[in-house]
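> Sequence plus the predicted model coming up.
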Amino acid sequence: MKRVIANLDPAEVQRLLDWAGQEGWNPGLSDASAFYAADPKGFFGAFVDGIMVAGISAVAYDASFGFIGLFICHRDWRGQGHGKAVWDAAMNYLGERTIGLDGVPEQVANYAKTGFTPAYESMRMSGNLRAKQNAAALPTARFEDIAALDAKGFPVSRQGFLQHWLTSPNQGVLLREVDTVIAFAVVRPCRDGAKIGPLFARDVQAAETILASLSGPLHIDVPALQADWLQILARQGFTPGFRTTRMYRGTPPASAPDIVLGVTSLELG
């Protein structure tokens, strides 16, 4: 058995996302193109005799910050070192950058052994919103409209990613106060319902206005420190699911800024 580590092409990134779906991670229907646009060199796979057996994303947003996700070994190939092989490739690729990831509770201790430290927890909240007849239709979000607010909520520029993230079937909406964008969200269809992320807002009132414009089965990953927003979601019928822990290796950016009411994605930060 000879293992080869190689960069993934777009079709292989989609295959990795299909594995994520099989694991119950509920990825978006069009995630592959946006993820790949974030860093075409940042996806690695382990191949045995030409068969992909493990994969990982290691997106280098710039020279200072990267993010790891989609770390999966196919269930038929576990216990043979393929996961560690792609992990090592990802870490080598990101080098001395500050690296972030979102870890499930059972893996936090393992990530800590490789130098990652916890920053904050997020809670998956899920609900089913009915369309509100009196809710105002909000403008469609474009990159040029939301870039300034996104820069306040994410550590580095991610223009290439966001321009793909805002395209159909995903839908971006925004809220303005006079000429200033005070909140925006992206809703992306998933295998089960849709996910809201990011949701960046000046305050929970602005976020609630965004929420009022949405309907259907929805999921959102909320930093646990957003206690007021979690209470609002609970009143809207959202219920908590699993938790993840944001961890960083290297000098961490500021922990979830106050404007982050919904994490963009657990795969890319």
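Good, I have the coordinates.
> Only alpha carbons, please: show stretch 240-257 as PDB.
The C-alpha coordinates for stretch 240-257 follow below in PDB (Å, rounded to 0.1, in the frame of the first residue of the first chain):
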ATOM      1  CA  PRO A 240     -29.600  24.000  21.000                       C
ATOM      2  CA  GLY A 241     -27.700  21.100  19.400                       C
ATOM      3  CA  PHE A 242     -24.000  20.300  19.500                       C
ATOM      4  CA  ARG A 243     -21.200  22.600  20.700                       C
ATOM      5  CA  THR A 244     -17.900  23.300  19.200                       C
ATOM      6  CA  THR A 245     -14.800  25.100  20.600                       C
ATOM      7  CA  ARG A 246     -13.000  27.700  18.500                       C
ATOM      8  CA  MET A 247      -9.300  27.100  19.000                       C
ATOM      9  CA  TYR A 248      -6.100  28.800  17.800                       C
ATOM     10  CA  ARG A 249      -2.500  27.900  17.500                       C
ATOM     11  CA  GLY A 250      -0.300  31.000  17.500                       C
ATOM     12  CA  THR A 251      -1.300  34.500  18.400                       C
ATOM     13  CA  PRO A 252      -5.100  34.500  18.300                       C
ATOM     14  CA  PRO A 253      -7.200  37.200  16.800                       C
ATOM     15  CA  ALA A 254      -9.600  38.900  19.200                       C
ATOM     16  CA  SER A 255     -12.100  36.400  20.400                       C
ATOM     17  CA  ALA A 256     -15.500  36.500  18.600                       C
ATOM     18  CA  PRO A 257     -16.100  40.200  18.200                       C
END
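> in it, what counts as buried?
Neighbour-count burial for stretch 240-257 flags 244-250, 252-253, 256 (criterion: 16 or more other C-beta atoms under 10 Å). Any C-beta I mention is one placed from the backbone N, CA and C, and that applies to glycine too.
> of all the residues you listed, which two lie farthest apart?
Thr244 and Gly250 (19.2 Å; C-beta to C-beta).
> still on that earlier bit, I'd like the buried residues of stretch 240-257 laid out as CSV, including pLDDT, secondary structure and distance to Ser30.
Converted to CSV, the buried residues of stretch 240-257 look like this (pLDDT from 0 to 100; DSSP: H, G, I helix; E, B strand; the rest coil; distance: C-beta to C-beta, whole Å):
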residue, pLDDT, secondary structure, distance to Ser30
Thr244, 96, strand, 22
Thr245, 97, strand, 27
Arg246, 96, strand, 24
Met247, 97, strand, 27
Tyr248, 97, strand, 28
Arg249, 97, strand, 30
Gly250, 96, coil, 31
Pro252, 91, coil, 30
Pro253, 89, coil, 27
Ala256, 71, coil, 26
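> Out of those, flag the one nearest to Ala206.
Nearest to Ala206 among these is Ala256, at 16.7 Å by C-beta to C-beta.
> what's the helix or strand where Thr209 lies packed up against?
Following DSSP states H and E, one finds Thr209 within helix 204-212. Packing partners of helix 204-212 (3 or more C-beta pairs under 8 Å, 6 or more residues apart in numbering; DSSP states H and E): strand 171-177, strand 180-189, strand 194-201, helix 227-235.
> Mean neighbour count, these: which tops it?
strand 194-201 (a mean of 26; mean count of other C-beta atoms under 10 Å).
> partners of that strand, with directions?
Sheet pairing of strand 194-201 (DSSP bridges) gives strand 180-189 (antiparallel), strand 216-223 (parallel), strand 260-262 (antiparallel).
> Looking at the ones you listed, which is nearest to Ala63?
Of all the strands paired with strand 194-201, strand 260-262 comes closest under C-beta to C-beta, at 23.2 Å.
> Name the residues that touch the closest one?
153, 185, 196-201, 204, 207, 220-223, 226, 229 (C-beta atoms under 8 Å, 6 or more residues apart in numbering).
> From the chain's centroid, how far away is that strand?
Between the centre of strand 260-262 and the centre of its chain there are 11 Å (C-alpha atoms, centre = their mean, to the nearest Å).
> Can you report the mean pLDDT over the residues of that strand?
Mean pLDDT, computed over strand 260-262, is 98.
> show me the contacts for the closest residue to Pro169 other than its chain neighbours.
Nearest residue to Pro169, sequence neighbours excluded (C-beta to C-beta, 6 or more residues apart in numbering): Pro189, at 5.0 Å. Listed by C-beta under 8 Å, 6+ apart, the contact set of Pro189 reads 28-30, 169-170.
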